[in-house]
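Asker: Structural data only, the sequence is not supplied:
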């Protein structure tokens with residue numbers, strides 16, 4: 001069991017990096033949305049909600065991608081069904 005865990009460590013590290021990259025991409029997009037909203041009449045609360053939804057959605061997609069990297073037999077469609 002320890003040997004299998006050690007063999008999986010590189011996949012776990014890649015999965016963590018994938019999650020962090022998707023989270024950073026979401027945060028970057030949220031900041032871009034906030035800057036762009038300065039030129040429009042969007043309400044500040046709407047921009048905040050859209051930014052948080054963007055980060056959450058990006059993080060969930062990153063989690064699904066990381067799960068596929070760490071567990072190759074995992075299929076995201078299994079969660080839906």
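Answerer: Cool, the structure landed. Just so we're clear, the structure is a prediction, and the values are computed from it rather than from any experiment. Residues are numbered from 1 along each chain as shown.
Asker: mind checking which helix or strand the residue most central in space within the chain is in?
Answerer: The centre of the chain sits closest to residue 59, judged by C-alpha atoms, centre = their mean, with a distance of 2.2 Å. Residue 59 belongs to helix 44-70 when assigned by DSSP states H and E.
Asker: and residue 51, what does it touch?
Answerer: 30, 31, 33, 34 (C-beta atoms under 8 Å, 6 or more residues apart in numbering). Every C-beta, even on glycine, is put in place using the N, C-alpha and C of the backbone.
Asker: buried stuff in the helix holding residue 59?
Answerer: Neighbour-count burial for helix 44-70 flags 47, 50-51, 54-55, 58-59, 61-67, 69-70 (criterion: 16 or more other C-beta atoms under 10 Å).
Asker: Hmm, which of these is lowest in pLDDT?
Answerer: By pLDDT, residue 47 ranks lowest within the buried residues of helix 44-70, coming in at 84.
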